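this one's structure only:
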């Protein structure tokens, strides 16, 4: 039997639940009383998302980071959270304390008040986080304009390398190993940068499903072509990839879980954005520009090569 | 190693996350902008909560019902929902369609707009639902007054009998079997009754963790004694229990998952509440009264026997 991929499953749900729009957003926005509420839910599943060597405190924190990263990309501060937890009935008190400490850490780090949630038995550990904030208007995925510049909030590919290392595969120099592993177990979403610069973004999207997926989705939704002129890889990743004869593009564009975001902005705002990024110590990288047409293309000298959506999908 | 029960686990989380109040509520209430938001999350886990003979459409609907029932007990209309789903990667398209149809059914039945959610791989099916509404003030668990009457929104014990039947154990007369099984697979929360009568309730609580748990929690939080003068069992349950030499109180007070609720109200409101219940065809039952003291007691003739909290707990 052919396995269903995540896109097909989501489509079945969207059609079945009578959604008119098939263009997805990073967060849900809805009116409740006099306010626009932003909400986002994300789930971390032990067998799929938590490498066995990862501490449960880091996993718990990361389940909040995953949602925070979506809020960051939309320029919205999450204020409240609810947490649902499934635990196998053999779990020890010390493991539970580890989990709690991870949630506490994240709640302080991002100033999110945890309202409550529920605890359940189950075959494996599952953390489900739901965060809320209010907003006037979010930055959408779909509004890039022709001639806009394309930026990312940091280098890509560390997570794919880090996951390899955690799974006991290829390793590199100590500093690179540390950076790579930390990108997996202690990701840092760019919340302040998103909140403080959203007014300069024409469009934006969290990149945690993979950079190729994100770029393709933004290009598709805005009905424009994205030309990538610079691969956002650090020198140490390039060296690692070369030393092990691996494919750099695969690490950078198809790894996923970076918890960075992609944004587009008019050239007029570039100076301000770059200045703000320096002040906040966010290593933003200009990677290309928007033009008319469709699809995402990598520019090498004068060759354009299409960049397919090969980001990480569940159920594949 | 001693297993932790759900109460201990929740306490570890509450302490760890810096909650000051240890008195729990059915829903979370928080201020966002100019509104009070009500939110509730609930999780249905395949290995724990979904009997193998239950259709996935019924399980999906029930995961929404579980939250709706909490809103019902607080007299609040849920307006929006988000759904997170874990699915094993072997699941078929037809099973997914079943799940979607259950969510669609519930969303129509309770007029809840499903905003979105996320899908994940995992070892077993998990449905996590989060519902939202707005409110001025909820009916709390803690405000019963001395001399108030205690009511339940329907008879108890069908679910414990129904679960026995689904698991292939004791059966009774066809009509009773149908009622019992339906109470498990197609529970009907009392949303309209809760919304329309909340102004008459001094306190209320969803009873899905079991009637004995609910009564003890309400008595404890309001620092009053609850005297139960009538066991809310239907005649056919009494007959079934007698025929199989089972313990009626165990079925009624400790089964759980009824998705009814308990409320207290001043004697002055009794007439109105009974009239409204008749109009809405809700089979409310007056089961006792509130007095000074503490604990919950069953009154048999002139004997008072303490009713311990023996409702259903995860991890036990």
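Perfect, thanks for sending it. It should be emphasised that the depicted structure is a prediction, and the values quoted were computed from it without experimental measurement. Residues are numbered from 1 along each chain as shown, chains lettered A, B, ... in the order given.

contacts, neighbours, all on C-alpha from now
OK.

how about the helices in the stretch 201-316 of chain A?
Secondary structure of the stretch 201-316 of chain A (DSSP state H, counting those that start in this stretch): helices at A:211-222, A:235-243, A:248-254, A:270-279.

Kindly apply the preceding question to the stretch 1-150 of chain A instead.
Under DSSP H, counting those that start in this stretch, the stretch 1-150 of chain A gives helices at A:6-16, A:46-49, A:56-74, A:93-109.

can you redo the ones you listed as a markdown table with distance to residue B:224, mean pLDDT and mean neighbour count?
Putting the helices of the stretch 1-150 of chain A into a markdown table (distance: least, C-alpha to C-alpha, whole Å; pLDDT from 0 to 100; neighbours: other C-alpha atoms under 10 Å in any protein chain shown) gives the following:
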| stretch | distance to residue B:224 | mean pLDDT | mean neighbour count |
| --- | --- | --- | --- |
| helix A:6-16 | 47 | 78 | 16 |
| helix A:46-49 | 44 | 92 | 16 |
| helix A:56-74 | 39 | 97 | 27 |
| helix A:93-109 | 33 | 95 | 18 |
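
Include distance to residue A:120 when you put these into a markdown table, please.
Conversion of these to a markdown table gives the following (distance: least, C-alpha to C-alpha, whole Å):
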| stretch | distance to residue A:120 |
| --- | --- |
| helix A:6-16 | 25 |
| helix A:46-49 | 14 |
| helix A:56-74 | 16 |
| helix A:93-109 | 13 |
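
need the helices of the stretch 201-316 of chain A in TSV with mean neighbour count, distance to residue A:308 and mean pLDDT, can you?
Output for these, formatted as TSV (neighbours: other C-alpha atoms under 10 Å in any protein chain shown; distance: least, C-alpha to C-alpha, whole Å; pLDDT from 0 to 100):
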stretch	mean neighbour count	distance to residue A:308	mean pLDDT
helix A:211-222	23	7	97
helix A:235-243	16	20	95
helix A:248-254	22	9	96
helix A:270-279	14	27	98
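
Take these and lay them out in TSV including distance to residue A:16.
Formatted as TSV, these follow (distance: least, C-alpha to C-alpha, whole Å):
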stretch	distance to residue A:16
helix A:211-222	22
helix A:235-243	43
helix A:248-254	30
helix A:270-279	42
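
Determine which of those approaches chain B most closely.
With respect to chain B, and counting by C-alpha to the nearest C-alpha, the nearest of those is helix A:211-222 at 16.4 Å.

if I pick the nearest residue to residue A:76 once chain neighbours are set aside, what's in contact with it?
Using C-alpha to C-alpha, 6 or more residues apart in numbering or on different chains and skipping residues adjacent in sequence, the residue nearest residue A:76 is residue A:195, 5.7 Å away. By C-alpha atoms under 8 Å, 6 or more residues apart in numbering or on different chains, residue A:195 lies in contact with A:72, A:74, A:75, A:76, A:77.

of all those residues, which comes closest to residue A:12?
Compare each of the contacts of residue A:195 with residue A:12 using C-alpha to C-alpha and the shortest gap goes to residue A:74, at 26.1 Å.

give me every residue that touches the spatially closest residue to residue A:80 that is not a sequence neighbour.
In space, not counting the residues next to it along the chain, residue A:80 is nearest to residue A:113; the distance is 4.7 Å by C-alpha to C-alpha, 6+ apart. Residues near residue A:113 by C-alpha under 8 Å, 6+ apart: A:79, A:80, A:81, A:107.

again, only this time at 10 Å
Residue A:113 makes contact with A:78-82, A:104, A:107, A:131-132, B:17-19, B:30, according to C-alpha atoms under 10 Å, 6 or more residues apart in numbering or on different chains.

Let me know the closest of these to residue A:12.
Each of those was checked against residue A:12 using C-alpha to C-alpha; the closest is residue A:131, at 24.9 Å.

Show the pLDDT at that closest one.
pLDDT, residue A:131: 97.

in the sheet, who's paired with the nearest residue to it once chain neighbours are set aside?
Counting by C-alpha to C-alpha, 6+ apart, residue A:131 lies nearest to residue A:81, which is 4.3 Å off, once chain neighbours are set aside. When bridges are called by DSSP bridges, residue A:81 pairs up with residue A:114, residue A:131.

if I read this right, residue A:81 contacts residue A:65, doesn't it?
No - applying C-alpha atoms under 10 Å as the test, residue A:81 and residue A:65 come out as separate, 11.7 Å apart.

Find residues that contact each of those two.
Taking C-alpha under 10 Å, 6+ apart as the criterion, residue A:81 and residue A:65 both touch A:107, A:129.

In contact with residue A:56, which residues?
Neighbour list for residue A:56: A:46, A:50, A:62, A:95-103, A:125, A:185 [criterion: C-alpha under 10 Å, 6+ apart].

Just send these back as CSV, with distance to residue B:151 too.
As requested, the contacts of residue A:56 are exported to CSV (distance: C-alpha to C-alpha, whole Å):
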residue, distance to residue B:151
A:46, 43
A:50, 46
A:62, 44
A:95, 41
A:96, 38
A:97, 39
A:98, 42
A:99, 39
A:100, 38
A:101, 41
A:102, 42
A:103, 39
A:125, 38
A:185, 51
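
What backbone torsions are found at the residue positioned nearest the centre of chain A?
Within chain A, the residue whose C-alpha comes closest to the C-alpha centroid is residue A:208; the distance, by C-alpha atoms, centre = their mean, is 2.5 Å. Here is the backbone geometry of residue A:208 (degrees, to the nearest 10): phi -70, psi -10.

Give me the distance between the nearest residue to it once chain neighbours are set aside and residue A:59.
Closest residue in space to residue A:208, ignoring its immediate chain neighbours: residue A:257 at 4.1 Å, by C-alpha to C-alpha, 6+ apart. Per C-alpha to C-alpha, to the nearest Å, residue A:257 is found 13 Å from residue A:59.

Overlap in contacts, the two.
Both residue A:257 and residue A:59 are contacted by residue A:184, under the criterion C-alpha under 10 Å, 6+ apart.

Specify the local secondary structure of residue A:154.
coil (DSSP: H, G, I helix; E, B strand; the rest coil).

ok, now how distant is the residue in the stretch 101-250 of chain A positioned nearest to chain B from residue B:199?
Closest to chain B within the stretch 101-250 of chain A is residue A:104: 5.5 Å, counting by C-alpha to the nearest C-alpha. Summarising the geometry, the distance separating residue A:104 from residue B:199, computed by C-alpha to C-alpha, is 37 Å.

Please apply the same query to residue A:144.
Counting by C-alpha to C-alpha, the separation of residue A:144 from residue B:199 is 50 Å.
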